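S.K.: test case, fold it:
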Amino acid sequence: MALRAQGLSKPIRFGGVAISRLEKRCVLRSVMLARQRLGIVMMIVFMPANGPFWRMAIDALDIGMEFSDSAFFAYSILLFIIGGILTFTPKTKFG
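M.R.: Prediction:
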């Protein structure tokens, strides 16, 4: 997780009188969740334009997966959409 510091300027008041300005350093965590990172990776890897690359890799590794062109395209689109759902759904709180 990448941490970054952000400066905040806030007046200090003692007895209702503003004495000076204080700059605080706050450490903010990266707001990207692990599922969002997984979703982005899935969207890049299973992009429909990468279909020929996957076919070539499967043939080169002699993996016995026999898909028709339309089934392979449908699986690629399905995994791409699942990646998009993982990436763009908001964080939910249960309870």
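S.K.: pass me the low-pLDDT residue ranges in this structure, would you?
M.R.: Flagging of the chain using pLDDT under 70 yields the residue ranges 1-31, 95.
S.K.: show me where it has helices.
M.R.: For the chain, the helices defined by DSSP state H cover 34-45, 51-60, 69-88.
S.K.: pull out the buried positions in the first one.
M.R.: By neighbour count with 16 or more other CB atoms under 10 Å, helix 34-45 contains the buried residues 36, 39, 42, 43. Yep, even glycine has a C-beta here, placed from its N, CA and C like the rest.
S.K.: what residues does it touch?
M.R.: Counting by CB atoms under 8 Å, 6 or more residues apart in numbering, helix 34-45 makes contact with 79, 80, 82, 83, 84, 85, 86, 87, 88, all of which sit outside it.
S.K.: out of those, which are buried?
M.R.: Once neighbours are counted (16+ other CB under 10 Å), the buried part of the contacts of helix 34-45 comes down to 80, 83, 86, 87.
S.K.: which one of those residues sits closest to residue 68?
M.R.: Closest approach to residue 68 among the buried ones among the contacts of helix 34-45 (CB to CB): residue 80, at 18.3 Å.
S.K.: wait, that closest one sits on residue 48?
M.R.: Yes: the pair formed by residue 80 and residue 48 meets the contact definition of CB atoms under 8 Å, at 6.6 Å.
S.K.: quick revisit: now the helices of the chain as a markdown table including distance to residue 94?
M.R.: Converted to a markdown table, the helices of the chain look like this (distance: least, CB to CB, whole Å):
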| stretch | distance to residue 94 |
| --- | --- |
| helix 34-45 | 15 |
| helix 51-60 | 36 |
| helix 69-88 | 17 |
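S.K.: got the CA positions of stretch 49-65 in PDB?
M.R.: Taking Å, rounded to 0.1, in the frame of the first residue of the first chain, the C-alpha atoms of stretch 49-65 are listed here in PDB:
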ATOM      1  CA  ALA A  49      -8.100  -8.000 -28.200                       C
ATOM      2  CA  ASN A  50      -5.800 -10.400 -26.300                       C
ATOM      3  CA  GLY A  51      -7.700 -13.400 -27.600                       C
ATOM      4  CA  PRO A  52      -5.200 -14.400 -30.300                       C
ATOM      5  CA  PHE A  53      -2.400 -14.100 -27.700                       C
ATOM      6  CA  TRP A  54      -4.200 -16.500 -25.400                       C
ATOM      7  CA  ARG A  55      -4.900 -19.000 -28.300                       C
ATOM      8  CA  MET A  56      -1.200 -18.900 -29.300                       C
ATOM      9  CA  ALA A  57      -0.100 -19.400 -25.600                       C
ATOM     10  CA  ILE A  58      -2.500 -22.300 -25.100                       C
ATOM     11  CA  ASP A  59      -1.200 -23.900 -28.300                       C
ATOM     12  CA  ALA A  60       2.400 -23.300 -27.400                       C
ATOM     13  CA  LEU A  61       2.000 -24.900 -24.000                       C
ATOM     14  CA  ASP A  62       0.100 -27.900 -25.400                       C
ATOM     15  CA  ILE A  63      -2.800 -27.400 -23.000                       C
ATOM     16  CA  GLY A  64      -5.700 -29.600 -24.300                       C
ATOM     17  CA  MET A  65      -8.400 -26.900 -24.100                       C
END
